[in-house]
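1. the sequence and its predicted three-dimensional model are supplied below.
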Amino acid sequence: MKGNLSLSNGQSFSGSWKGSLKDVQGEIVFYTGMTGYEEVLTDPSYHGQIIVFSYPLMGQYGIQTAHLESTKIQVAGIVTAEVYDGELEKGISLADFAFQQGVPLMTGVDTRSLIQVIREDGTMQAVMSLEGKPLPAWEPIKTFLVPSVTASSIETVGNGSLHIGLIDFGYKKSILQALLDRGCKVTIFPYTTSTADLDSYGIDALLFSNGPGDPFSLESFAPVYRDWAERYPSLGICLGHQLLALAFGAETTKLPFGHRGANHPVRNAKTGRVSMSSQNHSYVVELTDLPKTLGILYQNVNDLSIEGLYHHQLPIMTVQFHPEASPGPAEHHEVFETFFSLIQTEKKVSLNA
Amino acid sequence: MPKQDSIKKVLVIGSGAIVIGQAAEFDYSGTQACTALREEGIHVVLVNNNPATIMTDNTTADKVYFEPLTADSLASIIEKERPDGLLATVGGQTGLNLAMELTDQGILSKYNVRLLGTEIESIKQAEDRDAFRSLMNKLQEPVPESDIIYTVDQALHFASSVGYPVIVRPAYTLGGFGGGIAETKEALMDLVTQGLSASPIKQCLVEKSIAGYKEVEYEVMRDASGTCITICNMENLDPVGIHTGDSIVVAPSQTLHDKEYHMLRTASIKIIEALGIVGGCNIQFALHPKTSEYFLIEVNPRVSRSSALASKATGYPIARLAAKLAIGYNLFELKNPVTGTTFASFEPALDYVTVKIPRWPFDQFPQANRTLGTQMKATGEVMAIERNMEAAFQKAIRSLDIKLDGFLMPSLALCSNEELEHLLVAADDRRLFVLFELFSRGASLKELHVKTGISPYFLSVLKKLVTIKQELKEFTWTEITKDRLQWAKKHGFSDQDLSALWRVPASLIRSQRKKWGLIPSYRMVDTCAAEFEAKTNYFYSTWNGTSDARSSKEKKVAVIGSGPIRIGQGIEFDYCCVHSVMALQKLGYEAVMINNNPETVSTDYEVADALYFEPLTTEDILNVLDFEGIDQVIVQFGGQTSINVAASLEEAGITILGSSSDVLDQMEDRDRFYSFLESIQLPVIPGYTANQPAEIWQAVATIGFPLLLRPSYVIGGSGMIKLQNEQELDDYLASAVIEYPVLVDRFIEGKEVEADILSDGKNAWISAVFEHIEGTGVHSGDSISITPPLNLPAKMLDHVCQVSRHIAKKLDFKGLFNVQFVCQKDSLYVIEINPRASRTAPISSKVTDVPLVQHATALMLGKTFDELNILAGFNGQRTFTVKAPVFSHVKLPNLSPALSPVMTSTGEVIASHSDPAIALHQALVGASQQLADLWTKDGSVFVEASSLPHIDEKAWKAHGFTVYSSHTLPFDKWMEQKNKKAYINLYPDGEAAHAKKAAIHRLHAWTRLETVEAFLGTLGQPTLTQKGVLT
């Protein structure tokens, strides 16, 4: 079966259709990592987007449930150059997985040309449809997606001594796992949780999670989050980083085609050290007019965009990249350690106060 | 830390002669390093006695020493040059070993020379198995159970505690030489004995075998500030057990999921950080296919064959940047040269796959033991780039240049299932093709997986190709539609392969294909998967999608490369191709390079204006020429590989610069060649072309014995044999599979001389003339030679020059050609005219200071002799230069070291001096680096009784040797003795069993009196540390 990928700039690409037989529309983005399709497809930050993989061979190592970042495929559609359909050592095939989850998948697409178009014209709406079907009306790019991926109720997991509140904008399972692995008790809060509810759990610190969409779509929550962050040591990751920045008066803006990959160099402004990071975002905190209360913790080596912030007075740190990796380089786990030492210092301060 | 300004002069150590395990990749890394240092205004002094390299050009380094790579000679050079720094990590294991020796001897501290890049302690920690193990234990990085042993008993004790199989790895050897896997006690005893003798420190590591694990490598870089990046990971198709240099390797890894990929990446970074490497480093892992449990196999604290492959696979120039890190730069301070906008501190993202297949010498050496194991045997390798695995495999197979259309080997088709199944397990160089053959016979994937341990993913790829081929075979040509043809092309099927399936000429498929608009598109290797704009013209073809933009000028010429390094077609042709590119650029042309060898300088994307990483078949080349709009190509510099496509390119309307393909054919076709010689009144060696055995006998009747039998169109004399009498001919005809026609010539006893000649069709310039030390019957690549000739009468030399000029005038040829002569008393015979650059072209250029290839390129493009003004550059050749061959017999068990018309050497060294005796001494010392040291004034020599009358026993004894012969001591008893140096047999039989045994034990094995005397003559010569040698 043949399929078409139509872009809102008028260009289109053809390919073979695999996976679920349904047309989808979404913002088209590309991921440049060479491994990690299991994690990418199930990362809630990609919710509703059509994902293009730059690496042309997908599915060589199948899909294993243990590698998934949420319970289901989050992307609206999958675009690849080729999907492996031969025998696997373990797991199920990528095409079967997409089909079971009701997600369309196109293969045989000239993904390099497609990515060049996105690089030149920026991310845009796209439609995946079976060949010959008329195009639906163009919808605007969805920016308010968090409600579709946040938890429906408050839930506590783990039983460590340190109690972290995970504010859920669509968290990746590996963020939760990173906390549990370090002996934390974690309570997951929907992003709309009331301050009273939050305070009733006796938590030691907050982690503002990653998630899809434009941080500005949650602007109305900024004062609430600021209040929380002023009272609890806080770590923000990706969308969580952007939201904390907004809460303390920074601005955010959208990059032309974002950073999605496993090879983004970031420089730690304190140590000067450069390391590779896993990234998945369109929006960034603006460098200009950064409030005086915030300092730069990490900066992107290539485009100098902000990759992490800290608060000059409060125990708050944020990172634009994904310290939990999955997929991507696992060399930023120290972000969690730093955050924990912030919490410990804060605890001592309050004990001595 | 920014660049350290205190470093103004740097000594770079090259890797010396090409041997198996240390080859052209170090010309690439060395050249990159020299260039990177000179960019920084640093004065570069280079030591490397391998003349066939770009790095030893005086345009690459400021000062080049063609001296033996010994601590002694380096010490003298350091004393003379007083460099501020030493860069030893681009010269392979040779460079590292020398750095360690120089440190231990206190030379570096004495002369206040800083070792640049990685510190010596780190190198030692990575190289010394014991130190490395304890570091890994400290880091909690798993290493397989192992023990360091110095005796066979210790090895047996270890094996009895961990169980068999056991791997033996000798310490400090090249390409894992002397190691292997032992399944039994007996095999272990043999291997350990061999390994201990191979190791310079008589130490081996014995290790519990983890054969069957996936073998994965990471190329890692680190700067002095601690930023670590992995450039690339690579997955071996062959599980642990086959040396990675002999494994089929893909980059990036395919069957590792993200958690495994990053688990090993994290471990790599932890290790390079703990070792404190500054520069590049290669780390090899074994990964359990089911449990994800892993072990560390090896760390190489230097650039390597794998880093060259990783550089070509990703576009990230590891050696070049490693050199910058060595002088103090940090990664984030350096730009990524591919994009020019992003920084070197990032990890390449690929949007294609690369497949490397080793090139083995067993097509030329059918008698050698071709079984693969932990000891590397390949002489070279090819790489292919594509956007799907199937097509990448097919491209890589085509690049091997092994006379095979497609992937089904006719010789394997004749094997029984049992034979094939045996070859699956006892893998040799044919295993890939055995898999294809078994799939085509219907073998199940599961069965092959169980037997080989190869991941089902790779087997699926191979099986898919077999299935597609079977499907395609169902159609006749008339049933082929555009879609069907496109399907075939997408999976990498060549027109040639399809033409056999559909029984139509390849040219018909090509023309129909073009009518349908089915042409490949060309994509850029950009390090970033198109995320950023890149401007490097480094391309590969693919059969899906559109092409990346390529902006170019109008005047363009393509240079056809020489493909993988093999015996007889080595790095010298890469040298020539690079020079031709440089000449084209100087002449105002855009130079387009087509080649597929990932090790070399010619495939550095910064060399030509555009690089196409492609197989060198007519179709692949024509596709590139079509895309580029090029109609002029140069085939004179890619060895036999490029010559072989000349006629078909010409047929397709392409102009072969310098001469028509007909002239090339005239020189290569024996009958036409002899008629040519006769037509220009040159004497011809009596000979005939035989199309069947009867014709050989007819020829014998006229020309008699001894005779020389050889196939037409050969590389390195392969298949050539000298036969003394009827009996030998009978035996040969009975035992050998002969491909007719063969050439039958009278064998002329005499002296061989060769010369490289520049010609514009009228004028000629005769470059260096080489006199071969060994007489006729020895391939020119395997003989010691000297230029200018030392023992050639002036009259004969004149004659050589006169005949050369005469040939140039009569031959419709522009460029560079090589003539091989035989002098017998007063007669001079031309035995060969190679209408292309020869093995000696780099040497001739270096000893005369006349850049032959560049001039040849200019002549081909219409420059006149006067314009070249050759004499202005000519240095008058005031010193003698000796070239000595270097063999890799230690790596190729059962290959006879007896000199013959079949070339067996893998590399060569040169040395120059105004005193020819010193030049000879330096060359032979340089060529003997991996062999028993003859120049210690002690040890023993074994001479077969029949040869004894020719040997000057007194002279050997006078130099401190004990001379044994089979009269006084059985050979096997001699082999048990210590301090053996050389074995002599001037009349070896075809088996040459003793010579083989001596060679595999790193002894000199001489079969020609001239060789014996040349070596004897160097004993007692002034050593290099004496004054006056390094001038």
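-> On my side now, so go ahead.
2. which residues in the stretch 201-350 of chain A form helices?
-> A:222-231, A:239-247, A:334-352 (DSSP state H, counting those that start in this stretch).
3. which pLDDT does the model give the residue of the stretch 101-250 of chain B found nearest chain A?
-> The minimum distance from the stretch 101-250 of chain B to chain A, using C-beta to the nearest C-beta, falls at B:T227 (4.4 Å). For glycine as for every other residue, the C-beta is placed from the backbone atoms N, C-alpha and C. Confidence at B:T227, expressed as pLDDT, is 94.
4. count the neighbours of the residue of the stretch 851-1000 of chain B found nearest chain A for me.
-> Nearest residue of the stretch 851-1000 of chain B to chain A (C-beta to the nearest C-beta) works out as B:K891 at 33.8 Å. Residues lying near B:K891 (other C-beta atoms under 10 Å in any protein chain shown) number 25.
5. next, the closest residue to B:V152 other than its chain neighbours: phi, psi?
-> Once flanking residues are discounted, B:V152 sits nearest to B:V192: 4.9 Å by C-beta to C-beta, 6 or more residues apart in numbering or on different chains. Main-chain torsions, B:V192, degrees, to the nearest 10: phi -70, psi -40.
6. which residues touch B:V192?
-> Counting by C-beta atoms under 8 Å, 6 or more residues apart in numbering or on different chains, B:V192 touches B:149, B:152, B:155, B:168, B:204, B:206.
7. repeat that for B:G178.
-> The contact partners of B:G178, taken as C-beta under 8 Å, 6+ apart, are B:168, B:170, B:191, B:194-195, B:197-199, B:204, B:375, B:890.
8. setting aside sequence neighbours, what's the nearest residue to it?
-> Nearest to B:G178 is B:A198, by C-beta to C-beta, 6+ apart, at 2.9 Å.
9. ok, that neighbour touching B:V890?
-> Yes - with contact defined as C-beta atoms under 8 Å, B:A198 counts as touching B:V890 (7.3 Å).
10. how many neighbours does B:A71 have?
-> Applying other C-beta under 10 Å, we find 16 residues neighbouring B:A71.
11. cool, and A:P140?
-> Number of residues near A:P140 (other C-beta under 10 Å) recorded here: 8.
12. that one reaches A:Q125, doesn't it?
-> Yes - if you go by C-beta under 8 Å, A:P140 and A:Q125 touch, sitting 7.5 Å apart.
13. for the residue of the stretch 101-250 of chain B closest to chain A, which non-adjacent residue is closest in space?
-> Leaving aside its sequence neighbours, B:T227 sits nearest to A:V274 (C-beta to C-beta, 6+ apart; 4.4 Å).
14. who's in contact with that neighbour?
-> With C-beta under 8 Å, 6+ apart, A:V274 has these contacts: A:265-268, A:301, B:227, B:330-332, B:345.
15. just send the residues you listed back as TSV, with neighbour count and distance to B:A694 too.
-> Output for the contacts of A:V274, formatted as TSV (neighbours: other C-beta atoms under 10 Å in any protein chain shown; distance: C-beta to C-beta, whole Å):
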residue	neighbour count	distance to B:A694
A:P265	23	73
A:V266	26	78
A:R267	22	79
A:N268	17	82
A:V301	22	75
B:T227	23	73
B:N330	22	74
B:L331	24	70
B:F332	19	74
B:S345	26	71
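16. now flag whichever of the residues you listed is closest to B:F865.
-> Closest approach between the contacts of A:V274 and B:F865, by C-beta to C-beta: B:L331, at 49.7 Å.
17. was I right to think that closest one contacts B:L325?
-> Yes - between B:L331 and B:L325 a contact is recorded at 7.1 Å, counting by C-beta under 8 Å.
18. B:K464 in helix, strand or coil?
-> When classified by DSSP: H, G, I helix; E, B strand; the rest coil, B:K464 comes out as helix.
19. quick one: it and A:G86 touch, right?
-> Yes - with contact defined as C-beta under 8 Å, B:K464 counts as touching A:G86 (6.8 Å).
20. give me the more crowded residue out of the two.
-> Set B:K464 next to A:G86 and count neighbours by other C-beta under 10 Å: B:K464 wins out with 19 against 16.
21. who's in contact with the more buried one?
-> By C-beta under 8 Å, 6+ apart, the contact list for B:K464 reads A:86, B:390, B:491.
22. TSV for those, including secondary structure and pLDDT?
-> Formatted as TSV, these follow (DSSP: H, G, I helix; E, B strand; the rest coil; pLDDT from 0 to 100):
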residue	secondary structure	pLDDT
A:G86	coil	95
B:E390	helix	98
B:H491	coil	98
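23. related to what we said a few turns ago, find residues that contact each of B:L331 and B:L325.
-> Common neighbours of B:L331 and B:L325 (C-beta under 8 Å, 6+ apart) are B:221, B:223.
24. pLDDT weak spots in chain B?
-> Regions of chain B meeting the criterion pLDDT under 70 cover residues B:1-2, B:172-177, B:200, B:712-718, B:1022-1031.
25. what does the domain assignment say about it?
-> With domains defined by automatic domain parsing, chain B comprises B:9-116, B:145-209, B:407-454, B:660-685+B:748-834+B:840-877, B:886-1018.
26. what about the strands in the stretch 851-1000 of chain B?
-> Assigned by DSSP state E, counting those that start in this stretch, the stretch 851-1000 of chain B shows strands spanning B:880-887, B:905-913, B:940-943, B:962-965, B:980-984.
27. okay, those strands in a markdown table with mean neighbour count and distance to B:V90 next?
-> Listed next are the strands of the stretch 851-1000 of chain B as a markdown table, based on neighbours: other C-beta atoms under 10 Å in any protein chain shown; distance: least, C-beta to C-beta, whole Å:
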| stretch | mean neighbour count | distance to B:V90 |
| --- | --- | --- |
| strand B:880-887 | 25 | 20 |
| strand B:905-913 | 27 | 17 |
| strand B:940-943 | 25 | 37 |
| strand B:962-965 | 18 | 41 |
| strand B:980-984 | 24 | 32 |
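28. so which of those comes closest to A:E230?
-> Ranking the strands of the stretch 851-1000 of chain B by their distance to A:E230 (criterion: C-beta to C-beta) puts strand B:905-913 first, at 71.2 Å.
29. good, we can wrap up now.
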